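Chemist: Build me a model:
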Amino acid sequence: MRILLLGEYSNVHNTLARGLRELGHEVTVASNGDFWRDYSRDINLAREMGIAGTVSFLYRLLLALPKMRGYDIVQLINPVFLELKAERLYRIFDYLKRHNGKVVLLAAGDDYYYPELHTRRKVMRYSDFYIGDEEHCCDFVRTQTREWLYGEKGRLTRYVAKRCDAIVACAYEYWLPYNLSGDTSLNGERLNRKLYSIPFAYVIPDMPVSRVGGKVRVFIGISRERSEMKGTDIMLQAARDLQRLYPDRMELLVANGVSFDEYSRMMDSSDVLLDQIYSYGPGMNALLAMSKGIVAVSGAEPEHYEQLGENEVRPIVNVYPSYEDVYRNLEKLILNPELVNRLKLQSREYVARNHEYIRVSRQYVELYSKLLG
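Modeler: The predicted structure is shown next:
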């Protein structure tokens with residue numbers, strides 16, 4: 001098959017491309033490299049700041065569009081798959097739909113359906129918008145919600161979802177809104193009739209899993225914009241309090257405003273990653289750490305494991321979104337290095353069982369083959 005993967009998010013498409021190529025398919029990745037992460041791609045669609053950057057981007061896009069024809073499958077990372085205003089993407093989507101075989105939309109990040117579900121129905125025990133019966137919504141989430149729920153991004157999402165040939169959800173949180181949505185495709189069938197669940201893909205590093213050699217090294221990355229949204233503000237406070245209490249048992253590594261290379265080096269040297277607390281399953285950052293044998297403190301609710309069909313290996317330290325629960329679970333790890341060592345091995349095994357890139361790529365090939373008949 002000839003496959004075009006358009007857009008990037010946390011190396012999702014670049015990793016999938018590697019797997020698909022090894023399975024014998026012709027794959028092109030066209031993306032901006034996911035901004036500062038600068039992941040590999042075949043067609044560079046990065047947009048620099050300023051007028052000159054915009055002109056350069058539009059020129060390269062115009063040259064690239066004719067090359068985005070004649071593919072069996074075009075897969076979009078998101079309804080907003082290019083660094084353009086949403087209203088400018090309708091015609092490009094229609095162009096891709098007209099000149100290629102089938103179009104697949106990934107549900108792997110922000111879109112219309114996630115805030116639509118959680119602002120109107122409390123179907124989960126907690127989310128970015130509420131914890132139990134109490135509203136919980138930071139300014140960043142409110143801004144994103146307005147854009148996706150009431151703005152042009154939301155209208156674009158529904159336009160693409162109705163017209164694409166399949167929707168692939170990469171995590172439980174992204175699958176549930178589409179599954180419960182009352183929206184229909186152009187043929188009148190509910191969107192969940194073309195909804196599939198395929199996990200994120202990861203390359204397992206060829207490196208031994210390290211053991212705790214003294215202090216438990218705890219790592220957390222801080223994004224100023226997203227800290228409150230991900231709950232890293234709460235996690236950081238719990239970690240700092242524990243470091244003061246156990247200075248001889250714990251070392252805290254905080255990445256704040258560092259380069260991607262430095263961020264990766266800090267992660268590689270750690271034993272435990274503090275990731276996010278409002279999710280039902282691990283995100284890409286946690287999975288990357290786990291593939292290296294690092295214990296992830298993140299979301300890992302039963303629904304997440306059940307969707308994967310994973311009943312044996314459950315190494316993620318699941319935390320309820322509260323300071324007290326993060327503190328309690330992290331303290332248990334700090335005081336039990338052997339428990340950390342066991343979870344480190346299980347974390348690598350978990351990724352190998354559920355997210356190994358060839359295994360995941362085969363699931364995509366099965367879906368693509370089905371769509372193409």
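Chemist: chain center to stretch 353-362: distance?
Modeler: Averaging C-alpha positions (Cα atoms, centre = their mean, to the nearest Å) puts stretch 353-362 16 Å from its chain's average.
Chemist: Pull out the buried residues from that stretch.
Modeler: Residues 354, 355, 356, 357, 360, 361 are the ones in stretch 353-362 that count as buried (16 or more other Cβ atoms under 10 Å). Bear in mind the C-beta positions are built from the backbone N, C-alpha and C, glycine included.
Chemist: wait, the fifth one sits on residue 199?
Modeler: Yes - taking contacts as Cβ atoms under 8 Å, residue 360 lies within contact range of residue 199: 6.1 Å.
Chemist: and the residue sitting furthest away from the middle of the chain, what does it touch?
Modeler: What lies farthest from the middle of the chain is residue 248; by Cα atoms, centre = their mean that is 34.8 Å. Residue 248 makes contacts with residue 215, as judged by Cβ atoms under 8 Å, 6 or more residues apart in numbering.
Chemist: how about it, secondary structure?
Modeler: For residue 248, the assignment made with DSSP: H, G, I helix; E, B strand; the rest coil gives coil.
Chemist: list the contacts for residue 16?
Modeler: 5, 201, 357, 360, 361, 364.
Chemist: from these, which single one is nearest residue 67?
Modeler: residue 5 (13.4 Å; Cβ to Cβ).
Chemist: wait, isn't that closest one in contact with residue 26?
Modeler: No - in this structure, residue 5 is not within contact of residue 26 by Cβ under 8 Å, at 11.5 Å.
Chemist: Pick out whichever of those two has more residues nearby.
Modeler: residue 5 (27 against 12; other Cβ atoms under 10 Å).
Chemist: For residue 363, see how far away the closest residue to residue 203 other than its chain neighbours is.
Modeler: In this structure, residue 203 finds its nearest non-sequential neighbour in residue 357, 5.1 Å apart by Cβ to Cβ, 6 or more residues apart in numbering. Residue 357 sits 11 Å away from residue 363, going by Cβ to Cβ, to the nearest Å.
Chemist: What are the boundaries of the strands in the stretch 151-300 of the chain?
Modeler: 166-169, 195-197, 216-222, 250-256, 272-274, 295-298 (DSSP state E, counting those that start in this stretch).
Chemist: what does the stretch 1-150 of the chain give?
Modeler: 2-6, 26-31, 43-44, 73-76, 102-107, 130-131, 134-135.
Chemist: Which stretch among those strands is buried most, on average?
Modeler: With neighbours taken as mean count of other Cβ atoms under 10 Å, the strands of the stretch 1-150 of the chain reach their highest mean count in strand 73-76, at a mean of 26.
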